[in-house]
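A.B. asks: Kindly generate the corresponding structure for this input.
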Amino acid sequence: MTSQNDPLSLSIIDIDQLEIIPPKVIAEPLTLNGWTHVLCNEEMPIFSNTALSIHDILSDDRKGAMELASVILQDPNLTVKLLKVSNTPHYNPTRQKMVTVSRAIIMIGSDVIRELTLVCAFFESILSAINKHQANEEIAQAIHAAVHAKSIAMATNDKSPEEVFIATLLNHIGSISFWCFCGGQGERIQALINKENYSSEEAEKKVLGFKLTDLGASLSKAWKLGSLVEESIKPKALSKNPRVGLVHLGYEITEALKEGTGSKKYEACVKKIEALTNQSKKVIIEKLQNNTATAADIASQFGATDAAKILQSGLNQEVVEEEPPPVINKKELQLQISQDITSIISSQFDINLLLETVLEGIHRGIGMDRTIFSLLGADKKILKEKLSLGWRKEMYDQKVIFNISEIPHNLFFYALSGTQAFWAKPSDDAKLYHLHDISVIGKNECFMMPVFSNKIPIGLIYADRGLTDQPLTEEDFTAFKYFAQQVNIALMLYRVQRS
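C.D. replies: Alright, predicted model coming up:
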């Protein structure tokens, strides 16, 4: 008999009896502050959290690759997208497969991964099946301009072409975000432009009371996107930074290409690039042509298929529809991550990198909802988070803390008292689930493994499926024990190397 919780049971229910809940409709704001608030908090909250978390990491010298990996791994969709893009020839010309975020950070560099994370998170927030034509036009132009700007930055030996790419891509963030989520206001703006010959800025001011560049500046400030992004959004006259000039030149090129390669605008752009790079006109024109194809490819990789079609329309090439993310083969992923761990342990390893990789192996390889490595407090009464994945927090810097109760024993005291992994089950170990523990982790099955240094417990690895309430299996426990034990092996080898 089909259970009520089984999705198949819907097939025997009269559809007319089902209550149709309409999607939440968000009223269009009427002010610049209103639009900023709605985009940050209601339409794009995940991007807001990611952008602000990355800013916190960048502004704190004590934080680095471990914290960056943790931010990325909180979002499974972002993780898959980032690893897919990281493995493309554009970012990974050596074609060494990267299956973990930690490995991608090492191979590509944390600076580039930070920038890629922002882009992937942005596209995750804006792309949908109902994106309007104007939104896709804006996305296509932003990617196209970004590729041109990065190409010129590389030719001028810029210190960070990827930063120029991001600043260019996000330069029109106000327009892109508005056109992805607008309704009647967008229609009125387009009517003024198409039927009454208003300029874009005039129409925006008439309908909204502000320009979309103002919205971009407001969003950039709210999301703390960085100095080059914020500086490039300001009017050209306010900045003498040559890197800001590269951002604007990227857009000048896209506008010139709309008028054709024989236009005065196009010739002016070529001359500007000649002056900046000392390249020949022939080389510049060839690069500009190649950049369009590159932009279309990048758009496809980010999932912006409609924008890619717009870019490819002038090249007479077909856009390959983005394939859905492959179903993760856990066995294969576990094997690949274990190879990464072996590689780390067999060299002069970084203990933080090992921890990141082990937790990623448990979290993604086994398929856990929440995974955490916690360190034992000096008073032996608490375990404080060192690195966590999947925990729902109000603030990124908030730390998960487990209490340790000796009398009577609780889960964490019991786990630390042993030397092996522990599979806790509410049905068998009810007395170990204290009220305070339940308030932190819930009352669900979990895996735990103590971590030792010189045979003294210093911390604990914990994992559960407390969010989805999916059952744990013997196969899961075996994989957990393997991954967690790698930390103890590594710490033992680390002590030997240091002695």
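A.B. asks: Low-confidence regions, the stretch 1-150 of the chain specifically.
C.D. replies: Counting by pLDDT under 70, the stretch 1-150 of the chain has low-confidence residues at 1-26, 129-131.
A.B. asks: the strands in it, which residues?
C.D. replies: Assigned strands in the stretch 1-150 of the chain: none (criterion: DSSP state E, counting those that start in this stretch).
A.B. asks: any idea how far Leu116 is from Leu249?
C.D. replies: Here the criterion is C-beta to C-beta, to the nearest Å. By it, Leu116 lies 23 Å from Leu249. C-beta coordinates here come from the backbone N, C-alpha and C atoms, glycine included.
A.B. asks: Those two: who's more crowded?
C.D. replies: When neighbours are counted by other C-beta atoms under 10 Å, Leu116 and Leu249 differ, and Leu116 comes out ahead with 22 against 19.
A.B. asks: Relative to the whole chain's centre, how far out is stretch 104-111?
C.D. replies: Using C-alpha atoms, centre = their mean, to the nearest Å, the distance from the centre of stretch 104-111 to the centre of the chain it belongs to is 14 Å.
A.B. asks: same thing with stretch 419-433?
C.D. replies: Chain-centre distance of stretch 419-433: 35 Å, with C-alpha atoms, centre = their mean.
A.B. asks: Start at 23, not 1
C.D. replies: Fine by me, first position is 23 from now on; the one you just mentioned is stretch 441-455.
A.B. asks: how about that stretch: buried residues?
C.D. replies: Judged by neighbour count (16 or more other C-beta atoms under 10 Å), stretch 441-455 contains these buried residues: 443-446, 451, 454-455.
A.B. asks: Equivalent analysis for stretch 49-67, please.
C.D. replies: Going through stretch 49-67 with 16+ other C-beta under 10 Å, the ones that come out buried are 51, 54, 57-58, 60-62, 65-66.
A.B. asks: again, but for stretch 312-324
C.D. replies: Within stretch 312-324, the residues that qualify as buried by neighbour count (16+ other C-beta under 10 Å) are 313-314, 316-324.
A.B. asks: now stretch 206-219
C.D. replies: 207-208, 211-212, 214-215.
A.B. asks: Touching it from outside, list them.
C.D. replies: 50, 154, 156, 200-201, 220-222, 224-226, 228-230 (C-beta atoms under 8 Å, 6 or more residues apart in numbering).
A.B. asks: tell me the domain ranges of the chain?
C.D. replies: When the chain is parsed with automatic domain parsing, its domains come out as 58-334, 370-520.
A.B. asks: any idea of the mean pLDDT in the last one?
C.D. replies: Per-residue confidence for domain 370-520 averages out to 91 on the pLDDT scale.
A.B. asks: Can you spell out which helices and strands pack onto the lengthiest helix in the chain?
C.D. replies: Assignment by DSSP state H gives helix 496-520 as the longest helix of the chain. Contacts defined by 3 or more C-beta pairs under 8 Å, 6 or more residues apart in numbering; DSSP states H and E place helix 496-520 against helix 352-367, helix 373-382, strand 468-475, strand 478-486.
A.B. asks: what's the angle between the second one and strand 478-486?
C.D. replies: Right, the one you point to is helix 373-382. 30 degrees (axes from the mean of the first three to the mean of the last three C-alpha atoms, to 10 degrees).
A.B. asks: Only the buried residues of helix 373-382, if you could.
C.D. replies: By neighbour count with 16+ other C-beta under 10 Å, helix 373-382 contains the buried residues 374-382.
A.B. asks: With distance to Ile130 as extra columns, can I get those residues in JSON lines?
C.D. replies: Converted to JSON lines, the buried residues of helix 373-382 look like this (distance: C-beta to C-beta, whole Å):
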{"residue": "Asn374", "distance to Ile130": "18"}
{"residue": "Leu375", "distance to Ile130": "14"}
{"residue": "Leu376", "distance to Ile130": "19"}
{"residue": "Leu377", "distance to Ile130": "20"}
{"residue": "Glu378", "distance to Ile130": "15"}
{"residue": "Thr379", "distance to Ile130": "16"}
{"residue": "Val380", "distance to Ile130": "21"}
{"residue": "Leu381", "distance to Ile130": "20"}
{"residue": "Glu382", "distance to Ile130": "16"}
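A.B. asks: Could I get the buried residues of stretch 312-324 in a markdown table, plus columns for secondary structure?
C.D. replies: Formatted as a markdown table, the entries for the buried residues of stretch 312-324 read as follows, by DSSP: H, G, I helix; E, B strand; the rest coil:
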| residue | secondary structure |
| --- | --- |
| Asn313 | helix |
| Thr314 | helix |
| Thr316 | helix |
| Ala317 | helix |
| Ala318 | helix |
| Asp319 | helix |
| Ile320 | helix |
| Ala321 | helix |
| Ser322 | helix |
| Gln323 | helix |
| Phe324 | coil |
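A.B. asks: Tell me how many other residues crowd Val269.
C.D. replies: Close neighbours of Val269, defined as other C-beta under 10 Å, add up to 29.
A.B. asks: so Leu489 is in which element?
C.D. replies: When secondary structure is defined by DSSP states H and E, Leu489 falls outside every helix and strand.
A.B. asks: Which residue comes closest to it once chain neighbours are left out?
C.D. replies: If you skip the residues right next to it in sequence, Leu489 has Asp391 as its closest partner in space, 4.0 Å away by C-beta to C-beta, 6 or more residues apart in numbering.
A.B. asks: same thing with Asn466?
C.D. replies: Leaving aside its sequence neighbours, Asn466 sits nearest to Gly488 (C-beta to C-beta, 6+ apart; 4.6 Å).
A.B. asks: Then Lys243?
C.D. replies: Once chain neighbours are set aside, the closest to Lys243 by C-beta to C-beta, 6+ apart is Glu252, at 6.6 Å.
A.B. asks: Give me the distance between the residue nearest to Met88 when sequence neighbours are not counted and Lys408.
C.D. replies: With C-beta to C-beta, 6+ apart as the measure, Asn374 is the residue that lies nearest to Met88, at 5.0 Å, once sequence neighbours are left out. Using C-beta to C-beta, one gets 9 Å for the distance from Asn374 to Lys408.
A.B. asks: ok, now Thr500?
C.D. replies: If you measure Thr500 against Lys408 using C-beta to C-beta, the figure is 25 Å.
A.B. asks: Check Asp486 too.
C.D. replies: Computed with C-beta to C-beta, the distance linking Asp486 and Lys408 is 17 Å.
A.B. asks: Compare those two and say which is more crowded by neighbours.
C.D. replies: Just comparing Asp486 and Lys408: by other C-beta under 10 Å the higher neighbour count belongs to Asp486, 23 against 17.
A.B. asks: Could you pull up the residues touching that one?
C.D. replies: Applying C-beta under 8 Å, 6+ apart to Asp486 gives the contacts 390-392, 463-464, 466-469, 494.
A.B. asks: Buried subset of those residues, written for PyMOL?
C.D. replies: Only the buried members of those end up in this PyMOL selection, burial being decided by 16+ other C-beta under 10 Å:
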select buried, resi 390+391+392+463+466+467+468+469+494
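A.B. asks: Narrow the contacts of Asp486 to those in strands?
C.D. replies: Among the contacts of Asp486, DSSP state E puts 392, 468-469 in strands.
A.B. asks: wait, which of those residues is closest to Leu149?
C.D. replies: Taking C-beta to C-beta as the measure, Leu149 lies nearest Arg392 of the ones in strands among the contacts of Asp486, at 27.5 Å.
A.B. asks: For Leu405, see how far away that closest one is.
C.D. replies: Shown here: Arg392 relative to Leu405, a distance of 14 Å by C-beta to C-beta.
A.B. asks: And for Arg517?
C.D. replies: Remark: distance between Arg517 and Leu405 (C-beta to C-beta) = 22 Å.
A.B. asks: between the two, which one's more packed in?
C.D. replies: For Arg517 versus Leu405, neighbours defined as other C-beta under 10 Å are more numerous around Leu405 (23 against 11).
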